[in-house]
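Trainee: Sequence unavailable; structure follows:
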């Protein structure tokens, strides 16, 4: 069976003055049809570069890439017939036209018939609950509405492979959940459909994706189902600890050469000023953490053992915070 | 359906859709009347008053009005059609256009058609105001010939716009320089405010390499001097040749620039 997406040794180099920047470095992935595939990585990891190559907007420097068996370099026209691309935070279209007019414009670019375009817009308005703002000018709609509009545009041609670049970026929790629900339903309706999604939200990848690759500095460092990836830290124990009276920097400095620690991530709570830390430990237990904090003159406000997350996997693989 | 036929149909649909945007968007705000009719009229008026003050023949008023009206199309090609790729990229539209698979020439054709329609309305407004305010006289006998020359001139001009758009696609802001470079010299050499027959022979020869100069001259001959179509064979032939050559070059450059832009990442990077 033809894969939805396949890349072999894909490399993309950009020139920045005198130096070469490897945005992608020898990336090889295989995405079967009918899944939501997530490419997870921090900003600048190479996610957008990969999606732009697969969407035929950018040529690779080396390597090969195929979408439904079509070569993205030599058969770009064929690839474009079966894909669509939606980038989060973007509102492609014309501000002076209404949402409905913009969608009709794009329906014509996708080659839909005149009346077929209007019919498809009505269907998508039902699916995405857009009727309230269909006749509002594009430059007057909110971020949440804009994301629904973008997704509607992405579904206009009923693509077999839909590329979603950070689809929920900038959305509030409710709107993001709604968009994720639509994405999930859309794939479940027809198992020939595939979604290639990039995100830097761990929770989103974990909730939505059937298969995930973690990308870091242009290289794929792990691929698997969310549970398989999390099993990479099954030998470790993760503690979530709220600490008072110790800064993030001093904590990290003190942890730099502890043999029982695999990694840690931290953030400071703005309201309380306390530091919330995730300790990934191989040997040792909660008492080691408490002794460490107290040794630094701090106080443990709370400590609990938690389930490993993809964030912990990333931390273990890369050795730095996401 | 054959690849070529399917491509042409997609291109045609894209053209209709893009011209819809251009016409609808261009007329939704009534401020266009000020910018595109009254402001050009100020310049035209100053030249008309100068000619009237110098007791120039009456035909000169018609010359200036037609020159001003035709110049609107040139500015539309330079700043509207030419820069469209730049603006589309800045808005984030260009990458979506490419991904749709619609041929880029379709979008540019749509931009051209929409631009032609909008500019024709503006140009007609300029001519009507010229007739009523400055008493410009146009010979109705020359209207069919003028329409033919007008259509051929637009075809050649907008074909030239295709190449210009490719420059913007590749070099973005640098395209402005190309537009500026073509703007003022064209006002001089096209004979916007005077017949190019006032030029020395060599300059007339150079002017005849530009479709705008040939078009303005031909339309003036029809509408002001009452020349028949038969006497404009040279104009018609030159404009047809220019359209074919410029269209061919434009499509080739567009295809080449698109591939180069994909290779260098210029379709997606907005800072270039």
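Mentor: Everything's here; your move. In this text the structure is predicted, and so the values were computed from the model without any measurement.

Trainee: I'd say residue B:175 and residue B:168 touch.
Mentor: Yes - using Cβ atoms under 8 Å, residue B:175 is in contact with residue B:168, at 3.6 Å. Placement of C-beta: from N, CA and C, glycine included.

Trainee: So for those two, which residues contact both of them?
Mentor: Common neighbours of residue B:175 and residue B:168 (criterion: Cβ atoms under 8 Å, 6 or more residues apart in numbering or on different chains): B:82-83, B:85-86.

Trainee: Could I get the full set of strands for the chain?
Mentor: In the absence of a named chain, this looks at chain A. For chain A, strands defined by DSSP state E occupy the ranges A:5-16, A:19-31, A:36-40, A:62-67, A:70-71, A:83-87, A:161-165, A:194-199, A:211-216, A:219-224, A:237-244, A:261-268, A:275-281, A:299-306.

Trainee: Chain B contacts on chain A?
Mentor: A:14, A:52, A:55-59, A:77, A:80-81, A:83-85, A:87, A:90-94, A:96-97, A:101, A:104-106, A:108-111, A:153, A:157 (Cβ under 8 Å from any Cβ of the partner chain).

Trainee: wait, what's in contact with residue 40?
Mentor: Let's take chain A. Counted by Cβ under 8 Å, 6+ apart, residue A:40 has contacts A:47, A:198-200, A:202, A:205, A:212-215, A:310, A:314.

Trainee: oops, chain B please
Mentor: By Cβ under 8 Å, 6+ apart, the contact list for residue B:40 reads B:68, B:71-72, B:126.

Trainee: what's the weakest-modelled helix or strand in the chain?
Mentor: No chain specified, so I'll use chain A. The weakest-scoring helix or strand in chain A, judged by mean pLDDT, DSSP states H and E, is helix A:310-318 (a mean of 81).

Trainee: looking at chain B here, not the other one
Mentor: helix B:32-33 (a mean of 68).

Trainee: Spatially nearest residue to the residue most central in space within chain A, not counting backbone neighbours?
Mentor: Note on chain A: the residue nearest the mean C-alpha position is residue A:199, at 1.2 Å, using Cα atoms, centre = their mean. Leaving aside its sequence neighbours, residue A:199 sits nearest to residue A:205 (Cβ to Cβ, 6 or more residues apart in numbering or on different chains; 5.4 Å).

Trainee: Check residue B:64 too.
Mentor: That would be residue B:47: by Cβ to Cβ, 6+ apart, it lies 5.0 Å from residue B:64.

Trainee: Following element in sequence after the least confident helix or strand of chain B, please.
Mentor: helix B:39-53 (DSSP states H and E).

Trainee: What's the mean pLDDT across that next one?
Mentor: For helix B:39-53, mean pLDDT rounds to 84.

Trainee: tell me which residues in it are buried?
Mentor: Buried residues in helix B:39-53, counting neighbours by 16 or more other Cβ atoms under 10 Å in any protein chain shown, are found at B:40-41, B:44-45, B:47-48, B:51.

Trainee: Any stretches of the stretch 1-150 of chain A with poor pLDDT?
Mentor: When residues are selected by pLDDT under 70, none of them lie in the stretch 1-150 of chain A.

Trainee: So what touches stretch B:235-243?
Mentor: With Cβ under 8 Å, 6+ apart, stretch B:235-243 has contacts from B:148-149, B:152-153, B:155-156, B:159, B:208, B:211, B:214-215, B:217-218, B:221, B:229.

Trainee: same thing with stretch B:14-23?
Mentor: Taking Cβ under 8 Å, 6+ apart as the rule, stretch B:14-23 contacts A:94, A:97, A:101, A:104-106, A:108-109, B:102-103, B:106-107, B:109-111, B:113-115, B:117-118.

Trainee: What residue, apart from its backbone neighbours, is nearest residue A:295 spatially?
Mentor: Residue A:295 sits nearest to residue A:254 (Cβ to Cβ, 6+ apart), 7.6 Å away.

Trainee: Would you check that the one you found makes contact with residue A:296?
Mentor: Yes - between residue A:254 and residue A:296 a contact is recorded at 5.7 Å, counting by Cβ under 8 Å.

Trainee: Chain neighbours aside, what residue packs nearest to the residue of the stretch 101-250 of chain B found nearest chain A?
Mentor: In the stretch 101-250 of chain B, the residue that lies nearest chain A is residue B:101 (3.3 Å; Cβ to the nearest Cβ). For residue B:101, ignoring the flanking residues on the chain, the nearest one in space by Cβ to Cβ, 6+ apart is residue A:80 at 3.3 Å.

Trainee: gap between that neighbour and residue A:157?
Mentor: Computed as Cβ to Cβ, to the nearest Å, the residue A:80 to residue A:157 distance reads 10 Å.

Trainee: shared neighbours of these two, which are they?
Mentor: Residues touching both residue A:80 and residue A:157 by Cβ under 8 Å, 6+ apart: residue B:100.

Trainee: which parts of chain B sit against chain A?
Mentor: Near chain A, when you scan chain B using Cβ under 8 Å from any Cβ, you find B:9-10, B:13-14, B:16-18, B:20-21, B:24-25, B:28-29, B:91-93, B:95-102, B:107, B:262-263, B:265, B:267-268.

Trainee: redo that, cut-off 6 Å
Mentor: B:10, B:13-14, B:17, B:21, B:25, B:28, B:92-93, B:95-96, B:98-102, B:262-263, B:265, B:267-268 (Cβ under 6 Å from any Cβ of the partner chain).

Trainee: Of these, which count as buried by neighbour count?
Mentor: B:10, B:13-14, B:17, B:21, B:25, B:92-93, B:95-96, B:98-102, B:262, B:265, B:267-268.

Trainee: Among those, which lie within helices?
Mentor: The members of those that map onto helices under DSSP state H are B:10, B:13-14, B:17, B:21, B:25, B:93, B:95-96, B:98-100, B:262.

Trainee: Mind listing what's buried along the one helix or strand residue B:260 maps to?
Mentor: Taking DSSP H and E as the definition, one finds residue B:260 inside helix B:233-264. For helix B:233-264, a neighbour-count test (16+ other Cβ under 10 Å) marks B:235-236, B:238-239, B:242-243, B:246-247, B:250-251, B:253-254, B:257-258, B:261-262 as buried.

Trainee: what angle do it and strand A:5-16 make?
Mentor: Interaxial angle, helix B:233-264 versus strand A:5-16 (axes from the mean of the first three to the mean of the last three Cα atoms, to 10 degrees): 100 degrees.

Trainee: and the direction of helix B:233-264 versus that of helix B:93-100, what angle?
Mentor: Using the same axes, to 10 degrees: helix B:233-264 against helix B:93-100 is 90 degrees.

Trainee: and stretch A:17-24, how far out from the chain's middle?
Mentor: How far stretch A:17-24 lies from its chain's middle: 23 Å, per Cα atoms, centre = their mean, to the nearest Å.
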